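A.B. asks: Generate a structure from the sequence data that follows.
(2 chains)
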Amino acid sequence: MEIIKINKVNKTYPNGVCAIHDLSLNIKKGEFVFIIGGSGSGKSTLIKMLYREEKPSSGEITLGGVNVSKLRNYNVYKLRRKIGVVFQDYKLLPKLTVYENVAFALEVTGVESRKIRSRVIEVLEQVGLKDKIKTYPDKLSGGEQQRVAIARAIVNNPKILICDEPTGNLDPVISMEIMDILEKINKESGTTILMVTHDIEIVNKMKKRVLVLKEGRLVKDYKEGTYRDEDI
Amino acid sequence: MKIFRTFFRSLRDALKSVIRNFSLSLASISCITITLVIITCSIVLSKNVANFTQEIEKDVTIVAFLNSDVTDEEREDFELSLKRMDNYESFEYQSKAEVKKEMEEENETFSAILKEWDDEENPLKDTYTIKVIDVDKIGETAKEIEKLDGVSSVQYGEGLVEQLVGAFDIVKKVTIIAAVALILVTIFLIINTIKLTIFSRKREISIMRLVGASNSRIKLPFVIEGIILGIIGSVIPILITIYGYTLLYNQLHGYVFSPVISLVKPMPFAFYVSLIILLIGMIVGMIGSSRAVRKYIKV
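C.D. replies: Okay, here's the model as predicted:
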């Protein structure tokens, strides 16, 4: 039951920088996977290719049966509706309230308003922000903003959730709160989660699969790994 | 159903965005307002120039005098060949008796002199006042009429008419070119203002893409927003057109300097101009925003 299949992927940027070298990797449905690596290891490029912000130069990436490498630009939105993406800088729409931000991801798919309302309230409850639905993002703390972003990412019931250093801007206590939410999503909904991080504590505490990237190559793949300094 | 839902959500998003980005909206709206006021002025001006030159041209006529000994048959022949001419529009006939009567009424001295002659001896001539279709060709037409049988002489204000027509033609062309140039410049200006305001929302557009909005779903609210800005921006110019022009017309009693240079009546002219202004505002707003967004969505 592989939900993500990466087969012999290479990525070279137009400026000649080779970010990913012959990478092959499978991720099963329901897995929780950490991707770690130093700067320039290609981890950002890898997940950018997963949500099709970048295209691989060669090789194939399949997400839930969709060949991402062959997806046309004007069809990218169809993939984005099936996956959720969470970023370090939250990427919330500043002029929309918490409720509107989460609802937007559903509205663009054309769902009926009645269904949107109940679903949005449901996910906001899940991340513990039900009492802030009318607040604007700039009035929220970093942790709260990230929870809104997670709510928005899961509102479509995606099979895959991609997180790009979601705790990068947060202090350790708040980071662990975010990790608890992510783990709950992973366990309760069976959502496959891929998370890029360089937070040692989180990786060691969670005891999940860890992929280590170095200079664009997959160098380690721990089953219930812990993060070791010499890996990077 | 889904299409309607998408449309209404886009409309709602557009309204929200106009209100929540109010300072930016105001920049675009005031730019549209100012330029539309200028366009309004140039349209009103060029239409008025066109109007009064046309009015004056209508009054330009050829006067043909027939020989004194002309018979009724010859006169009928003359009328027939006149009607066959390309540039002929209409004529008015005055017999020499009518001309005499008119002149007698006009002036006492004339009246005294003319009374010396009875109708048989009347030295005056049967007169045709002829209107032409194209005033530009009045000279040629006058020459043609002169060649007809029974014509004694032809008058049409030689030289003066040609000069007047030429001058009006230049004025008309200049005002139309100025209006068109102004419209083009304003369109460019508005598009750039909207582009600037949308540039500040580049991040917003990239986030919309990230959460799964299709290109058209991203574009639609911006396009509607542009149309709304255009409509709001044209409110003041429309008020100026309808109330301002009517006021001006009434103040001047419908003419400038002399009744010859008459103004276009405010109704329904002001409504047509308003409609044009509204359409320009909407179209320009729409083009401006859709072109600006297109830069930031990957096609």
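A.B. asks: isn't there a strand covering residue A:221?
C.D. replies: Yes: under DSSP: H, G, I helix; E, B strand; the rest coil, residue A:221 sits within a strand.
A.B. asks: what does chain A put close to chain B?
C.D. replies: Counting by CB under 8 Å from any CB of the partner chain, chain A comes close to chain B at A:51, A:73-74, A:76-78, A:80-81, A:85, A:91-96, A:104-105, A:107-110, A:112-113, A:152, A:156. Using the backbone N, CA and C atoms, a C-beta is placed for each residue, glycine as well.
A.B. asks: Report the buried members of these.
C.D. replies: Applying a neighbour-count criterion of 16 or more other CB atoms under 10 Å in any protein chain shown, the buried members of the residues of chain A next to chain B are A:51, A:76-77, A:80-81, A:85, A:91-93, A:95-96, A:104-105, A:107-109, A:152, A:156.
A.B. asks: Which residue is the nearest non-sequential neighbour of residue B:103?
C.D. replies: Spatially, and ignoring its direct neighbours in sequence, residue B:103 is nearest to residue B:110 (5.0 Å; CB to CB, 6 or more residues apart in numbering or on different chains).
A.B. asks: Confirm for me that the one you found is in contact with residue B:102.
C.D. replies: No: assessed by CB atoms under 8 Å, residue B:110 is found out of contact with residue B:102, at 9.7 Å.
A.B. asks: contact partners of stretch A:34-50?
C.D. replies: A:4, A:9, A:11, A:19-21, A:23, A:54-56, A:61, A:63, A:68-69, A:83, A:160, A:162, A:164, A:194-198, A:203, A:206, A:208-217, A:225, A:227, A:231-232 (CB atoms under 8 Å, 6 or more residues apart in numbering or on different chains).
A.B. asks: need the longest helix for chain A.
C.D. replies: In chain A, taking DSSP state H as the definition, the longest helix is helix A:172-189.
A.B. asks: buried ones in that helix?
C.D. replies: Residues of helix A:172-189 classed as buried by neighbour count (16+ other CB under 10 Å): A:174, A:175, A:176, A:177, A:178, A:179, A:181, A:182, A:185, A:186.
A.B. asks: how about the residue nearest the centre of chain A, what does it touch?
C.D. replies: When CA atoms, centre = their mean is applied to chain A, the residue found nearest the centroid is residue A:162 (1.5 Å). Contact analysis of residue A:162 by CB under 8 Å, 6+ apart lists A:47, A:50, A:51, A:83, A:84, A:85, A:86, A:193, A:194, A:195.
A.B. asks: let's see it at 10 Å
C.D. replies: By CB atoms under 10 Å, 6 or more residues apart in numbering or on different chains, residue A:162 lies in contact with A:4, A:35, A:47-48, A:50-51, A:63, A:83-87, A:153, A:192-196.
A.B. asks: that older thread, the contacts of stretch A:34-50, buried ones only, as a PyMOL selection?
C.D. replies: In PyMOL, this line selects whichever of the contacts of stretch A:34-50 come out buried by 16+ other CB under 10 Å:
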select buried, chain A and resi 4+9+11+19+20+21+23+54+56+61+63+68+69+83+160+162+164+194+195+196+197+198+203+206+208+209+210+211+212+213+214+216+225+227+231+232
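A.B. asks: now residue A:6, nearest residue through space, not along the chain?
C.D. replies: residue A:25 (4.5 Å).
A.B. asks: strand partners of whichever strand or helix holds the residue nearest to the centre of chain A, parallel vs antiparallel please.
C.D. replies: Using DSSP states H and E, residue A:162 falls within strand A:160-164. Take DSSP bridges as the rule and strand A:160-164 pairs in its sheet with strand A:83-87 (parallel), strand A:192-196 (parallel).
A.B. asks: Tell me who's in contact with residue 178.
C.D. replies: Picked chain A for this. Contact partners of residue A:178, counting by CB under 10 Å, 6+ apart, are A:86, A:127, A:142-143, A:146-147, A:149-150, A:163, A:166-167, A:170, A:202.
A.B. asks: try again with chain B
C.D. replies: Contacts for residue B:178 (CB under 10 Å, 6+ apart) come out as B:42, B:45, B:46.
A.B. asks: ok, and the closest non-adjacent residue to the residue in the stretch 51-200 of chain B that chain A sits nearest to?
C.D. replies: Chain A sits closest to residue B:200 of the stretch 51-200 of chain B, with a gap of 10.6 Å, by CB to the nearest CB. Sequence neighbours aside, residue B:24 is the residue nearest to residue B:200 in space, at 6.8 Å (criterion: CB to CB, 6+ apart).
A.B. asks: what helices or strands is the host helix or strand of the one you found leaning on?
C.D. replies: Assigned by DSSP H and E, residue B:24 falls within helix B:22-58. Judged by 3 or more CB pairs under 10 Å, 6 or more residues apart in numbering or on different chains; DSSP states H and E, helix B:22-58 is in contact with helix B:2-20, helix B:160-199, helix B:215-233, helix B:235-239, helix B:245-251, helix B:266-294.
A.B. asks: average model confidence for it?
C.D. replies: Mean per-residue pLDDT for helix B:22-58: 83.
A.B. asks: again with stretch A:12-23
C.D. replies: On average, the pLDDT along stretch A:12-23 is 90.
A.B. asks: so who does the most centrally placed residue in chain B touch?
C.D. replies: Nearest residue to the geometric centre of chain B (CA atoms, centre = their mean): residue B:47, 3.0 Å. Contact analysis of residue B:47 by CB under 10 Å, 6+ apart lists B:175, B:176, B:179, B:263, B:264, B:269, B:272, B:273.
A.B. asks: Just the buried residues of those residues.
C.D. replies: Here, 16+ other CB under 10 Å leaves B:175, B:176, B:179, B:263, B:264, B:269, B:273 buried among those.
A.B. asks: correct me, but the second one touches residue B:49?
C.D. replies: Yes: using CB atoms under 10 Å, residue B:176 and residue B:49 qualify as a contacting pair, with a distance of 8.9 Å.
A.B. asks: Up against chain A, what does the stretch 1-150 of chain B have?
C.D. replies: Neighbours of chain A within the stretch 1-150 of chain B, by CB under 10 Å from any CB of the partner chain: B:1-3, B:5-6, B:8-10, B:12-13, B:16-17, B:19-21.
A.B. asks: Would you map out the domains in chain A?
C.D. replies: Using automatic domain parsing, the domain parsing of chain A gives A:1-82+A:159-227, A:92-157.
A.B. asks: Which residue ranges make up each domain of chain B?
C.D. replies: Taken from automatic domain parsing, chain B resolves into B:2-56+B:163-294, B:61-155.
A.B. asks: and these, which is most packed in?
C.D. replies: domain B:2-56+B:163-294 (a mean of 18; mean count of other CB atoms under 10 Å in any protein chain shown).
A.B. asks: Now do the end-to-end distance for that domain.
C.D. replies: Distance across domain B:2-56+B:163-294, first residue to last, is 24 Å (CA to CA, to the nearest Å).
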